[in-house]
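Novice: please find the sequence and the predicted model below.
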Amino acid sequence: MSMISSILTLDLGTTACKAIFFDLSGNILADGNCEYPTAHPTPMAAEQKADDWWEAVVKAVRQAEDKLAKAVGVEAIGLSFQRETIVPVDQFGTPLCDAIMWMDRRSKDYANQMAEHFGKEDLHNITGMIPDSTFSATKIAWLKEHRPDAFVKAAYFLQPRDYICFKLTDNFILDYSLASRTMMLDVRKLQWRSEILDYLGVRPEQLPMLVWSDEIVGHVTDKAASALDLKSGIPVVAGGGDRQCEALGAGIFGARAMESTGTTSNISFAADSVPEVIDSRVVCSVHTLRDHWLIEQGLTTSGSIMQWFRDRVYYSNEDPRDKSSYKPIDAEIMQSPPGANKLLTLPFFMGAKATRWNPDARGVVFGLTLSHAKGDIGRSIMEGVAFELKACLDVLNDMALSPNELVIMGGGSKAELWNRIKADVYGLPIKVPRIREAASLGAMALAGKGVGIFEDAAQAALRLNPIVGEYSPDQENNEFYRRYYELYNDIYKSLEQLYRRLEEL
């Protein structure tokens, strides 16, 4: 029986692993999804178990295999993974403690100490990262003090992709796109900065070998093949950070920017060089494409706030309806007018990243009265996220990187009302690609390039993921939202010092 040639991708995000079998034309043959828990032992903590990642990979792949209508031959495996999260492992790849996630804010004091030691501007301009608890270096500093046994015994400090790559191939590797998110890599020279490693007490050999995102980094072992019900020997291509893979899959080149909303939100813009001086409000990551970089700004919480609203506010424990559904929520939100009846939400439920970089910031619902309904609160959350993303777009304009269109990505892009709100707030057309979960497509293009199926990953992504729809801004709504956006920014400025006082209580 003839088999269909395919590429298998693994996209391991903040909450779940998605496995997709693509044919070589970019069509999805089958997919699987498996969630894993996040522990919050303290309010600003976020931890995951590395073994849960592998278990989710196995379940997602097997779920996808069960959906395949025909037998497939897997030409390569591509990887797209959450970034910055750190897990120390021994020489055999065994985790020494739970992984400290990218959203964990316990290392903010270490970020401040690094900024003071190296100079905030210098550290930012060298590494491309703004000193913040998001980035791996600060988490390693936290581990050194709070998990000293794990720190001392660590043979490697791994990110989730590195751990899963080891489980697949028995090789320890790290691609440049993920390395750039550690705040230890020189973003221009693409080399580890020895003075940063020395400061942290990290030896160079504790960091995996650096590779390009389109390189073959090993082959599926017999043990991994048995777990996944695949043939052994399948080439594994490095892939990279989920945001960089997503930007590739979205075709983010030229004057096109990407807005991605899932658990978090991000605005990304590709560049073929690093600015001589990196704007203090953005981070500059290494792209998954060689000789390219990605200007990034992000929100720590966006879709996760809608999930919080669904789980903690909208549905009561006694509600007999399907509590995972957003349909009744959307119906009520649609009854609320633009401006949510004079209600504004500041979406900083786990601190503020770009453009404000304030770990002490907290979520605010401003303007509540007894007449407000749940739909008003839901709409104000959607609008608040859109306002903060507009602030990110304003920074790109300040950098003379003005996008003329925006491509939407991620699970949040399926929310039509939210897309219309965003187009009205931004005043830009929002383009809808054929495949909106583009991180997997980006990983597929890189894997295809790695094994010689595609000559150029960028051109492959553009061909495989064309634009199929658009949301145009309503001029009247755009004018209306400008006044609300101004008030939104003023509310944040008024609260900036109060956030610090709250943190110090």
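Specialist: Happy to help now that I have it. If you're wondering where the values come from, they're calculated on a predicted model, not measured in any experiment.
Novice: what segments of the stretch 1-150 of the chain are strands?
Specialist: With DSSP state E, counting those that start in this stretch as the criterion, the stretch 1-150 of the chain has strands at 4-12, 16-23, 28-35, 47-48, 72-81, 87-89, 99-100.
Novice: any chance of those strands in a markdown table, plus mean neighbour count?
Specialist: Where you see a C-beta, it was placed from the backbone N, CA and C, and this is true even at glycine. Output for those, formatted as a markdown table (neighbours: other Cβ atoms under 10 Å):
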| stretch | mean neighbour count |
| --- | --- |
| strand 4-12 | 25 |
| strand 16-23 | 23 |
| strand 28-35 | 18 |
| strand 47-48 | 20 |
| strand 72-81 | 25 |
| strand 87-89 | 26 |
| strand 99-100 | 26 |
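Novice: Throw those into JSON lines and include mean pLDDT and distance to residue 356, thanks.
Specialist: Shown next, in JSON lines, are the strands of the stretch 1-150 of the chain (pLDDT from 0 to 100; distance: least, Cβ to Cβ, whole Å):
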{"stretch": "strand 4-12", "mean pLDDT": "97", "distance to residue 356": "28"}
{"stretch": "strand 16-23", "mean pLDDT": "96", "distance to residue 356": "28"}
{"stretch": "strand 28-35", "mean pLDDT": "96", "distance to residue 356": "30"}
{"stretch": "strand 47-48", "mean pLDDT": "98", "distance to residue 356": "25"}
{"stretch": "strand 72-81", "mean pLDDT": "97", "distance to residue 356": "26"}
{"stretch": "strand 87-89", "mean pLDDT": "98", "distance to residue 356": "29"}
{"stretch": "strand 99-100", "mean pLDDT": "98", "distance to residue 356": "23"}
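Novice: so which of the ones you listed gets nearest residue 173?
Specialist: Among these, strand 72-81 comes nearest to residue 173, with 10.2 Å by Cβ to Cβ.
Novice: hey, where'd the strands end up in the stretch 251-400 of the chain?
Specialist: 256-261, 265-271, 283-286, 293-299, 344-346, 364-366.
Novice: quick revisit: would you format the strands of the stretch 1-150 of the chain as a markdown table with distance to residue 497 included?
Specialist: Below are the strands of the stretch 1-150 of the chain laid out as a markdown table (distance: least, Cβ to Cβ, whole Å):
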| stretch | distance to residue 497 |
| --- | --- |
| strand 4-12 | 39 |
| strand 16-23 | 38 |
| strand 28-35 | 39 |
| strand 47-48 | 31 |
| strand 72-81 | 37 |
| strand 87-89 | 36 |
| strand 99-100 | 29 |
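Novice: stretch 127-138: end-to-end distance?
Specialist: 13 Å (Cα to Cα, to the nearest Å).
Novice: how about stretch 38-49?
Specialist: 8 Å.
Novice: state which helix of the chain is the longest.
Specialist: Scanning the chain for the helix with the most residues, using DSSP state H, yields helix 475-504.
Novice: now for that helix, which elements pack on it?
Specialist: Here helix 475-504 touches strand 344-346, strand 364-366, helix 374-398, helix 416-426, going by 3 or more Cβ pairs under 8 Å, 6 or more residues apart in numbering; DSSP states H and E.
Novice: quick check: buried residues in that helix?
Specialist: Neighbour counts over helix 475-504 (16 or more other Cβ atoms under 10 Å) mark 477-478, 480-481, 484-485, 487-489, 491-492, 495, 499 as buried.
Novice: who wins for proximity to residue 115 among the helices and strands packed on helix 475-504?
Specialist: helix 374-398 (19.9 Å).
Novice: who does the closest one touch, helix- and strand-wise?
Specialist: Helix 374-398 sits against strand 256-261, strand 265-271, strand 293-299, helix 303-308, helix 327-333, strand 344-346, helix 416-426, helix 475-504, with contacts defined as 3+ Cβ pairs under 8 Å, 6+ apart.
Novice: let's go with 7 Å and repeat that
Specialist: Applying 3 or more Cβ pairs under 7 Å, 6 or more residues apart in numbering; DSSP states H and E, one finds that helix 374-398 makes contact with strand 265-271, strand 293-299, helix 327-333, strand 344-346, helix 416-426, helix 475-504.
Novice: take the ones you listed and lay them out in CSV including distance to residue 407.
Specialist: What follows is the helices and strands packed on helix 374-398, written out as CSV (distance: least, Cβ to Cβ, whole Å):
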stretch, distance to residue 407
strand 265-271, 10
strand 293-299, 14
helix 327-333, 23
strand 344-346, 25
helix 416-426, 12
helix 475-504, 19
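Novice: now these as JSON lines including distance to residue 139 and mean pLDDT?
Specialist: Converted to JSON lines, the helices and strands packed on helix 374-398 look like this (distance: least, Cβ to Cβ, whole Å; pLDDT from 0 to 100):
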{"stretch": "strand 265-271", "distance to residue 139": "20", "mean pLDDT": "92"}
{"stretch": "strand 293-299", "distance to residue 139": "17", "mean pLDDT": "93"}
{"stretch": "helix 327-333", "distance to residue 139": "35", "mean pLDDT": "94"}
{"stretch": "strand 344-346", "distance to residue 139": "26", "mean pLDDT": "98"}
{"stretch": "helix 416-426", "distance to residue 139": "31", "mean pLDDT": "96"}
{"stretch": "helix 475-504", "distance to residue 139": "20", "mean pLDDT": "97"}
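Novice: compare those and give me the one nearest residue 176.
Specialist: Set against residue 176 and scored by Cβ to Cβ, these come closest in strand 293-299, at 10.1 Å.
Novice: tell me the helices and strands packed up against the closest one.
Specialist: Here strand 293-299 touches helix 242-249, strand 265-271, strand 283-286, helix 374-398, going by 3+ Cβ pairs under 7 Å, 6+ apart.
Novice: any idea which of those is most buried?
Specialist: helix 242-249 (a mean of 32; mean count of other Cβ atoms under 10 Å).
Novice: can I get that one in CSV, CA atoms only?
Specialist: C-alpha atoms of helix 242-249 as CSV (Å, rounded to 0.1, in the frame of the first residue of the first chain):
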residue,chain,number,x,y,z
ASP,A,242,7.2,29.1,19.1
ARG,A,243,7.0,32.8,18.4
GLN,A,244,9.8,32.7,15.8
CYS,A,245,8.3,29.6,14.2
GLU,A,246,4.9,31.3,14.2
ALA,A,247,6.3,34.4,12.5
LEU,A,248,7.9,32.2,9.8
GLY,A,249,4.6,30.3,9.3
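Novice: just put the helices and strands packed on helix 475-504 in TSV and tack on distance to residue 49.
Specialist: Below are the helices and strands packed on helix 475-504 laid out as TSV (distance: least, Cβ to Cβ, whole Å):
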stretch	distance to residue 49
strand 344-346	32
strand 364-366	33
helix 374-398	30
helix 416-426	32
